[in-house]
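S.K.: Okay, here's the prediction I keep looking at, along with the sequence it came from:
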Amino acid sequence: MTHPANHSQLPRETHWATHLPDEAATLRLGGLLADCVAPGMRIYLRGGLGSGKTTLVRALLRGLGVQGAVKSPSYALVELYVVSSLHLYHFDFYRFLDPSELGDTGVVDYFRDDDGICMVEWPERAGNALPQPDLDFTLAYAGTGREVSVTAHTTAGERCLAKYRSA
Ligand SMILES: Nc1ncnc2c1ncn2[C@@H]1O[C@H](COP(=O)(O)OP(=O)(O)O)[C@@H](O)[C@H]1O
Ligand SMILES: [Mg+2]
């Protein structure tokens, strides 16, 4: 006897990957994020130096209407952007070699801002101090372009993946 399909056990659409042949493709991907991010979302960006993490953040900020310079926060640890009532925190934990240092900085408090969107480069350098992200990007060199893979951990993240799939 066959059993009826149990849809709750179907794999959920939590993963998406694509090739980004040039910088314009990375910028387009970041721009699409601007249409689906919501207050409280956390977006983590992994990948080596020059893989395109800051490029993605810059495109998201531009898409949200941030017009000034978007610089890498490597030395400041975090840059704050304000768009009307929305707070956008851009973190870069590259220079953290020891995750235990993070506790002294107070930056984890920013993750409790429910109106905030947190974008984090090098989240792995914060150890397990950070909460789970809504969206987790991994970028890698692929020929002259990049390969990106994205995992959604929440329904808010899945909404963004759906946008990517239909773009
Ligand atoms: N898909 C792509 N293909 C080729 N070059 C890219 C692509 N996306 C971004 N770049 C380039 O790679 C570099 C990435 O720099 P950046 O975004 O600062 O990297 P990261 O923050 O990961 O260190 C930039 O010079 C950018 O123009
Ligand atoms: Mg960077």
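M.R.: That came through, no problem. Ligands and ions are numbered 1, 2, ... in the order given.

S.K.: Return the set of residues that bridge with residue 92.
M.R.: residue 121 (DSSP bridges).

S.K.: got the contact list for it?
M.R.: Residues near residue 92 by Cβ atoms under 8 Å, 6 or more residues apart in numbering: 54, 72-74, 77-78, 120-122. Heads up, the C-betas are built off the backbone N, CA and C, glycines and all.

S.K.: Where does confidence bottom out across the residues you listed?
M.R.: Within the set of those, pLDDT is lowest for residue 74 (66).

S.K.: So which residues of this protein form helices?
M.R.: For the chain, helices defined by DSSP state H occupy the ranges 23-33, 53-63, 155-166.

S.K.: and of these, who's closest to residue 129?
M.R.: helix 53-63 (19.0 Å; Cβ to Cβ).

S.K.: Could I get the buried residue list for the closest one?
M.R.: Buried positions in helix 53-63, judged by neighbour count with 16 or more other Cβ atoms under 10 Å: 53-61, 63.

S.K.: what subset of those is also close to ligand 2?
M.R.: Intersecting the buried residues of helix 53-63 with the contacts of ligand 2 gives 53-54 (criterion: Cβ under 5 Å from the ion).

S.K.: which one of the buried residues of helix 53-63 is nearest ligand 2?
M.R.: Proximity of the buried residues of helix 53-63 to ligand 2 was ranked by Cβ to the ion; the top entry is residue 54 with 3.4 Å.

S.K.: Show me the residue at the heart of the chain, geometrically.
M.R.: The centre of the chain sits closest to residue 43, judged by Cα atoms, centre = their mean, with a distance of 2.8 Å.

S.K.: And it, how far from residue 144?
M.R.: Going from residue 43 to residue 144 by Cβ to Cβ, to the nearest Å gives 26 Å.

S.K.: just residue 121 next, same as before
M.R.: With Cβ to Cβ as the criterion, residue 121 and residue 144 are 22 Å apart.

S.K.: my read: residue 124 touches residue 45, true?
M.R.: No: between residue 124 and residue 45 there is no contact under Cβ atoms under 8 Å: 10.6 Å.

S.K.: More neighbours: these two, which one.
M.R.: A direct count of neighbours by other Cβ atoms under 10 Å for residue 124 and residue 45 places residue 45 higher, at 26 against 13.

S.K.: ok, now which ones touch the residue nearest to that one when sequence neighbours are not counted?
M.R.: Excluding its sequence neighbours, the residue lying closest to residue 45 (Cβ to Cβ, 6 or more residues apart in numbering) is residue 53, at 4.0 Å. For residue 53, the contacting residues are 45-47, 121, 137, 139, by Cβ under 8 Å, 6+ apart.
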